[in-house]
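> attaching a predicted model along with its sequence, questions to come.
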Amino acid sequence: MPGGRRGSGGGMHRGGSGRRQRRRVRGFLKPCLLAALSQGEGHGYSLLDKLSEFGFSNERLDSSLVYRALRDMAEAGWVTSHWDDDSQGPRRRVYQISPEGKVHLAEWITDLQHTRNEIDDLLQVYEKVQSER
């Protein structure tokens with residue numbers, strides 16, 4: 001995947017150790033944020049809510065991970081941002097996916113599709129072996 005990390009394809013709703021879940025988030029969070037931003041711009045909290053569409057649980061997802069990922073992607077040029085001065089209450093930083101971010105998202109999706117096919121192949125072999133027992 002872009003950035004040298006391979007995600008496991010899961011969200012935070014599945015079981016497992018805390019370390020495995022953190023690793024899963026790090027590998028899957030950025031493509032999910034880019035996918036959410038490909039649907040339209042958003043600020044941090046709206047993106048946190050949007051991540052539930054990808055299987056992340058708001059109760060178990062640390063918002064600092066989301067903001068760190070957004071900052072990292074801004075530094076990489078995958079997202080851009082501006083301050084929204086028109087909203088009521090405190091100013092919000094609003095993020096948009098950049099053209100470079102769209103390219104990286106497409107690469108991630110291609111890699112995830114290949115990974116899904118490999119997992120499907122593994123499951124078919126396993127199920128065949130189990131049915132022959």
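Looks like it came in fine. Numbers count the residues shown, from 1 in each chain.
> please count neighbours and contacts with C-alpha atoms only from this point.
Fine.
> what is the three-state secondary structure of T80?
strand (DSSP: H, G, I helix; E, B strand; the rest coil).
> no no, S87
Look at S87: counting by three-state DSSP, its state is coil.
> now do Q96
Three-state call for Q96 (three-state DSSP): strand.
> distance of it relative to A106?
Here Q96 is placed at a distance of 16 Å from A106 (CA to CA, to the nearest Å).
> which one's more surrounded, the two?
Looking at Q96 and A106 with other CA atoms under 10 Å, you find the greater number of neighbours at Q96, namely 21 against 16.
> once you drop chain neighbours, what's closest to the more buried one?
E41 (4.7 Å; CA to CA, 6 or more residues apart in numbering).
> give me the low-pLDDT residue ranges for this protein?
Applying pLDDT under 70 to the chain picks out residues 1-26.
> make it 80
1-27, 58-60, 87 (pLDDT under 80).
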